[in-house]
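Enquirer: got a predicted structure here, sequence first:
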Amino acid sequence: MSASLPFPADFLWGAATSAYQIEGSPLADGAGPSIWHEFAHTPGRTRDGDTGDMACDHYRRYRDDVALMRELGLNAYRFSVSWSRLLPEGRGCVNPRGLGFYERLVDALLEHGIQPMATLYHWDLPAALDRLGGWLNPDSAHWFAEYAQVLFRALDDRVELWVTLNEPWVVVDGGYLHGVLAPGQRNPFAAPVAAHHLLRAHATAVQAYRAEGRQRIGLVVNLEPKYPATETVADLNATMRADAYWNRYYLDPVFLGGYPPELPEIFGAAWPTFPEPDFELIRQPLDFLGINYYSRQVVRHDVDDWPLNAGRVRQARQTHTGLDWEVYPQGLTDILEWVASRYGPLPLYVTENGAAFYDPPQADGAVDDPLRRRYLRDHLRAARAALRNGVDLRGYFAWSLLDNFEWAHGYSQRFGLVHVDYATQRRTPKASARFYADVIRGGGGALDAEDAGGDG
Ligand code: FCB
């Protein structure tokens with residue numbers, strides 16, 4: 001590892017996507033509906049009534065998309081599997097045509113020298129299971145492990161990196177507490193129960209993996225470092241609570257065997273007692289942890305906002321992305337170092353990082369996206385800083401390969417390195433994709449080039 005090129009030779013340079021956001025054809029070949037299919041088809045739930053019916057048509061165009069990844073020089077790709085394509089009812093009969101899609105996708109990736117990282121759950125629960133209570137049903141852990149086992153048996157000979165859950169925090173906060181994501185519940189009493197069953201499901205799948213898997217399995221969480229707005233005791237305490245709710249909620253039980261002490265206070269009467277043996281189960285050793293990082297939060301004690309939503313201090317506008325998320329690269333270094341010191345040592349991946357900006361194609365068809373290019377450069381530099389400080393970072397996955405269905409925001413927010421014209425499904429690599437390709441080709445060297453990231 002030289003001073004200027006600290007990225008290890010086997011560093012994974014990837015991009016990430018998820019099934020419902022890109023595949024389209026959600027009911028094709030015998031698939032069952034997912035909660036996202038039903039949610040998006042419920043009037044008023046997504047911007048402009050957008051759905052994933054077509055999305056990026058990746059279900060039919062995956063070969064072209066894999067060729068595109070190859071062209072950009074990616075050596076890794078993180079995707080998710082749609083549970084209800086494999087098990088249309090969520091459990092019971094396996095649909096071989098659904099499984100066949102993922103087998104062909106994985107084979108195409110391997111043919112092109114791209115290492116797959118497969119996420120088992122990126123928010124698209126089979127609707128049939130939601131009708132049985134979804135993540136509120138204690139049996140959900142077993143449903144999940146049964147589904148996971150189908151995949152392990154079919155693909156563990158080819159998939160070296162498995163992820164159980166993507167961002168359980170978002171599943172619970174958006175899906176069960178605030179109702180802005182599927183399944184659309186708004187119930188503080190439901191939230192901690194769903195969270196607990198998600199953690200049990202994660203652990204039960206890891207146990208199933210230890211019984212027959214041979215590669216590596218981990219969890220992906222979204223983390224957002226919290227900084228106090230002032231040094232007052234009130235702000236410092238609010239920052240601790242925000243940190244407990246966002247960052248420690250799903251990691252303390254997995255790595256330390258219990259929930260953060262702030263959570264009962266945060267949830268008040270809605271906080272239940274959990275069976276003690278569950279914590280032994282949840283604490284399964286992991287092979288790696290994936291971190292999704294987008295932004296930070298500056299926290300101010302704000303009685304009106306409390307509980308469950310510490311106040312956000314607004315920063316200057318030009319420092320925010322299209323979703324109003326502050327651009328703060330230093331937060332990536334900080335959160336990687338925090339994870340390594342609190343829960344480590346363990347291999348880490350940045351499993352998502354990216355920015356929503358809208359840059360329409362120019363007259364010649366090219367797409368220049370200077371703000372995304374700069375975001376990418378600055379966050380890769382921030383990841384490099386963590387590596388230099390001794391964090392065991394093994395890879396980086398940009399969110400996202402393609403512009404795609406951004407959940408409740410529909411198609412209004414574009415995160416892709418590659419522009420998608422949804423009317424024609426034409427793909428155009430943006431300037432950020434070309435920049436990323438240069439970075440990958442030079443093992444990170446291009447991050448220091450004079451004009452890297454288009455400052456001018
Ligand atoms: C993350 C999700 C991903 C995408 C990005 C912008 O929370 O995992 O699917 O929506 O945010």
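Expert: Great, that's in hand. Numbers count the residues shown, from 1 in each chain.
Enquirer: so residue 286 touches residue 346, yeah?
Expert: Yes - counting by C-beta atoms under 8 Å, residue 286 does reach residue 346; the two are 6.9 Å apart. For glycine as for every other residue, the C-beta is placed from the backbone atoms N, C-alpha and C.
Enquirer: give me the more crowded residue out of these two.
Expert: Under the criterion of other C-beta atoms under 10 Å, the comparison of residue 286 against residue 346 puts residue 286 first, with 20 against 15.
Enquirer: measure that one to residue 348 for me?
Expert: The spacing between residue 286 and residue 348, counted by C-beta to C-beta, to the nearest Å, is 11 Å.
Enquirer: residues from this protein in reach of the ligand?
Expert: Proximity of the chain to the ligand is confined to 18, 21, 166, 167, 170, 222, 292, 352, 399, 406, 407, 415 under the rule C-beta under 6 Å from any ligand atom.
Enquirer: let's go with 8 Å and repeat that
Expert: 16, 18, 21, 122-123, 166-167, 170, 220, 222, 292, 294, 323, 352, 354, 356, 399-400, 406-407, 413, 415 (C-beta under 8 Å from any ligand atom).
Enquirer: number of residues surrounding the nearest residue to residue 246 once chain neighbours are set aside?
Expert: Nearest residue to residue 246, sequence neighbours excluded (C-beta to C-beta, 6 or more residues apart in numbering): residue 224, at 5.4 Å. For residue 224, the number of neighbouring residues by other C-beta under 10 Å comes to 20.
Enquirer: ok, now residue 445?
Expert: Neighbour tally, residue 445, other C-beta under 10 Å: 15.
Enquirer: with residue 341 instead?
Expert: Neighbour tally, residue 341, other C-beta under 10 Å: 11.
Enquirer: if we can go back for a sec, I figured the residue nearest to residue 246 hits residue 296, correct?
Expert: Yes - look at residue 224 against residue 296 with C-beta under 8 Å: they come within range, at 6.0 Å.
Enquirer: please write out the alpha-carbon positions of stretch 46-57 in CSV.
Expert: Extracted as CSV, the C-alpha positions of stretch 46-57 are listed here (Å, rounded to 0.1, in the frame of the first residue of the first chain):
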residue,chain,number,x,y,z
THR,A,46,-45.8,7.7,-4.4
ARG,A,47,-45.0,10.9,-6.2
ASP,A,48,-47.1,11.2,-9.4
GLY,A,49,-48.4,7.7,-8.7
ASP,A,50,-45.1,6.2,-10.0
THR,A,51,-44.7,2.5,-9.7
GLY,A,52,-41.9,-0.1,-10.4
ASP,A,53,-43.9,-1.8,-13.2
MET,A,54,-41.4,-0.8,-15.8
ALA,A,55,-38.5,0.9,-13.8
CYS,A,56,-35.3,0.3,-15.7
ASP,A,57,-36.6,-2.9,-17.4
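Enquirer: so what sits against both of residue 224 and residue 296?
Expert: Here residue 224 and residue 296 have residue 331 as joint contacts, going by C-beta atoms under 8 Å, 6 or more residues apart in numbering.
Enquirer: who's residue 16 bridged to?
Expert: With DSSP bridges as the criterion, residue 16 is bridged to residue 78, residue 399.
Enquirer: in contact with it, which residues?
Expert: For residue 16, the contacting residues are 77, 78, 79, 351, 352, 397, 398, 399, 400, 401, by C-beta under 8 Å, 6+ apart.
Enquirer: and the last one, its phi and psi?
Expert: Here the main-chain torsion angles of residue 401 (degrees, to the nearest 10) amount to phi -60, psi -50.
Enquirer: just the helices in the stretch 1-150 of the chain please.
Expert: Listed in chain order, the helices of the stretch 1-150 of the chain (DSSP state H, counting those that start in this stretch) span 19-22, 35-40, 58-72, 83-86, 96-111, 127-130, 140-155.
Enquirer: so can I have TSV of these showing mean neighbour count and distance to residue 280?
Expert: Shown next, in TSV, are the helices of the stretch 1-150 of the chain (neighbours: other C-beta atoms under 10 Å; distance: least, C-beta to C-beta, whole Å):
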stretch	mean neighbour count	distance to residue 280
helix 19-22	26	32
helix 35-40	23	30
helix 58-72	18	40
helix 83-86	28	27
helix 96-111	17	32
helix 127-130	22	26
helix 140-155	21	14
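Enquirer: can those go into CSV with extra columns for mean pLDDT?
Expert: Below are those laid out as CSV (pLDDT from 0 to 100):
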stretch, mean pLDDT
helix 19-22, 99
helix 35-40, 99
helix 58-72, 98
helix 83-86, 98
helix 96-111, 98
helix 127-130, 98
helix 140-155, 98
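Enquirer: residue 328: which of those helices is closest?
Expert: When these are compared by C-beta to C-beta, helix 19-22 sits nearest residue 328, at 24.3 Å.
Enquirer: ok, and what's touching the closest one?
Expert: Residues outside helix 19-22 that contact it (C-beta under 8 Å, 6+ apart): 26, 34, 36-37, 52, 55-56, 58, 79-82, 85, 122-124, 400-402, 404-407.
Enquirer: at 7 Å what do you get?
Expert: The contact list for helix 19-22 (C-beta atoms under 7 Å, 6 or more residues apart in numbering) reads 26, 34, 36, 52, 55-56, 58, 80-82, 122, 124, 402, 404-405.
Enquirer: and which of the residues you listed is nearest to the ligand?
Expert: Taking C-beta to the nearest ligand atom as the measure, the ligand sits nearest to residue 122 out of these, at 6.3 Å.
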